[in-house]
Each structure stands twice: as structure tokens, then as C-alpha cells.
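**Q** here is a sequence together with a model predicted from it:
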Amino acid sequence: MATILDTIVQHKLTEIQLKKKLFPVSHLERSPLFQRKGFSLSEALKNSKSGIIAEHKRRSPSKHNINQKLYVNEVVAGYQKASACGSSVLTDNSFFGGSLEDLQLARASVDFPLLRKDFIIDEYQIIEAKASGADVILLIAAILNAQQVKKFSKLANDLGMEVLLEVHNEEELQANFNAEVQLIGVNNRNLKTFEVSTEISKQLSTLIPKEIVKISESGLKSANDIIELREFGYRGFLIGETFMKTENPGKSAQQFIEEIEGKK
Ligand SMILES: O=C(O)c1ccccc1NCC(=O)[C@H](O)[C@H](O)COP(=O)(O)O
């Protein structure tokens, strides 16, 4: 049976073909954002007390509607005011209700690192990310082979962006030991079953090379989750729903960060 990832990838293939015709690479390269020097998320995390990367996410396959009412620029500005290290912006439209325009609006509102959160399967999307103001791209090991991870990481780095490689099990990690990425994220959500458990972050923590910044992603709800995962060497924590389901995600991030910092 096809998983949600299979369905998303299938959809992306069609979407990318269409976009390549509408907006060829030469068009993307003319974006003023294409020339900007990016912010480093790995450095921001190394220098941060909280390590929070706060996400803008309207809906998702596992939770459906989360929050459709807010403006992306206000949400990310709230996250920056809350002293988050950076923000993740979902740019997939069909399954998450996001867009590249969201990323561009976010870029215009903040001056901290922005992650393009999407399902990257083609170099075209990396160029699109740069042209829309991203500082970091997400590569999901479950939908790419090791060769693609290497090639895509090189392109992103050449364009001045960092790479967050997302894994969910030991095989995905082993397959990409040679990848030149700045950040590795362990997704606590199994993208096939939607089951969420921070146990997977704990299990994989010792297998991630020390020089790479470790991020725990998804299902993080309390300051205690963060304090506990920090003991396993995690420096970054990607949080979406916990903030987005509230009326004021920036304020909710601020209270969360204050609580973590108070507990240090
Ligand atoms: O969130 C989903 O339902 C989902 C389904 C299929 C692929 C990816 C999905 N989520 C992307 C993410 O990784 C999360 O948005 C991110 O880690 C934040 O998670 P959370 O704090 O649980 O909103």
C-alpha cells in the first residue's frame, strides 16, 4: 500500500515538471534573493540557550487543520521576537497549505535563519529555495538515495545554504554517513504510520557524528522534552504544532523558551 510519502513524492514529480515550464531556472536566478548571503542555522544553534526552531505550519496529513487564520509574516516575526534560533516554513501547498510565497513573506519579515520545509526530490527545488530566501533546505533520507543526498547537499552548499538531513532509523543514517551536511534531524514522527516517540531521537543520538549539529524534530510539547533530549546531545528542537495550534504562536514560543531557559 502506498504511504503518505509515496503520495507526496508522486504529487511533487508532476508539480516540479509544471513549475520548470512556468518558471525556468534562468528566471529563478534573477531573483534579488538569489544573491543574498544566508544566515547559518548551525551557528545560531551552537550559540543558543534554547535551540528552538519554530515552525509555520497551517495543516498536515496527520493533524489536518492546525491553524489557517494567521499571517505567516506575523507568525515568524513573533518567533524571532521570542528568541527562537530560526524558523521552518512549510512550502508544500497540497498537503500542508504552505507556499513559496509564505517563505518570501517570511524572509521579508525576519533576519534570522529560515528553513524551507518541503519534499525535495529535484535540484530545481533547491534553486527555488535560494531564490525565495531560504538559508537551509531539508533533505529527507526516506525519499532520496545516498547519491542524491550528496549531489543535492553540494548544490545547496554551493549556493550558500546549509542542509538539514532528516532520518528516522539507523539504515537511513548509515546510508548517508558520507554526506556533507551541517545538521542532522531525527524525526520523532514515523512518516509511514504517524506514530510519534522521542525514543527514536534517543536511540540514534550516539550514532550521529559529533561534528554535526543534532536536531530532534516533531511531537515536542514541553520544556521537559527539551531538557531530556539535551542530555542526549541534541542542540536543536524543531517544533510546529505545539506553537501553531495556539492563537499566538510567537507568544507561546516565548513562554516555552523562557521555561527552558529557566530550567537550565
Ligand atoms: O506532520 C505531519 O503530519 C507530516 C506528515 C508527513 C510528512 C511530514 C510531516 N510533518 C513534517 C514535520 O516533520 C513536522 O512538521 C515538524 O517536524 C514539526 O512537527 P510538530 O512539532 O509535531 O508539528
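**A** Done, it's in. What you see is a predicted model; the values in this text were computed from it and never measured. Numbers count the residues shown, from 1 in each chain.

**Q** ok, Ala141 - contacts?
**A** If you count contacts by CB atoms under 8 Å, 6 or more residues apart in numbering, Ala141 has them with Val149, Leu165, Glu166, Val167, His168, Glu172, Leu173, Ala175, Asn176. The C-beta positions use only the backbone N, C-alpha and C, and glycine is treated the same way.

**Q** what's the most distant pair in these?
**A** For these, the farthest-apart pair by CB to CB is Val149 and His168; their separation is 14.3 Å.

**Q** the closest residue to the ligand within the stretch 151-264 of the chain - how many residues pack around it?
**A** Taking CB to the nearest ligand atom as the measure, the point where the stretch 151-264 of the chain comes nearest the ligand is Gly240, at 2.8 Å. Close neighbours of Gly240, defined as other CB atoms under 10 Å, add up to 25.

**Q** need the residues of the stretch 1-150 of the chain near the ligand, please.
**A** The stretch 1-150 of the chain has residues Ile4, Glu55, Lys57, Ser60, Pro61, Ser62, Lys63 near the ligand, with proximity defined as CB under 6 Å from any ligand atom.

**Q** what sits against the last one?
**A** Listed by CB under 8 Å, 6+ apart, the contact partners of Lys63 are Glu241.

**Q** would you list the phi and psi of it?
**A** Taking degrees, to the nearest 10, you get phi -110, psi -10 for the backbone angles of Lys63.

**Q** gap between it and Gly219?
**A** Note on Lys63: its distance to Gly219, by CB to CB, to the nearest Å, is 11 Å.

**Q** kindly report the same for the first one.
**A** As judged by CB to CB, Ile4 and Gly219 stand 16 Å apart.

**Q** between those two, who's got more neighbours?
**A** Neighbour count, other CB under 10 Å: between Ile4 and Gly219, Gly219 has more, with 21 against 15.

**Q** measure the more buried one to Phe237 for me?
**A** Relative to Phe237, Gly219 is positioned 11 Å away (CB to CB).

**Q** OK, contacts around the closest residue to Val196 other than its chain neighbours?
**A** Distances taken as CB to CB, 6 or more residues apart in numbering put Gly219 closest to Val196, at 3.5 Å, once the chain neighbours are dropped. Counting by CB under 8 Å, 6+ apart, Gly219 touches Asn188, Arg189, Val196, Ser197, Thr198.

**Q** please report phi then psi for Gly219.
**A** phi 70, psi 10.

**Q** ok so, going back, would TSV of the residues of the stretch 1-150 of the chain next to the ligand with distance to Lys130, pLDDT and secondary structure be doable?
**A** Formatted as TSV, these follow (distance: CB to CB, whole Å; pLDDT from 0 to 100; DSSP: H, G, I helix; E, B strand; the rest coil):
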residue	distance to Lys130	pLDDT	secondary structure
Ile4	27	93	helix
Glu55	20	98	strand
Lys57	22	98	coil
Ser60	25	96	strand
Pro61	27	94	coil
Ser62	29	91	coil
Lys63	30	89	coil
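
**Q** from these, which would you call buried?
**A** Among those, those scoring as buried are Glu55, Lys57, Ser60, Ser62 (criterion: 16 or more other CB atoms under 10 Å).
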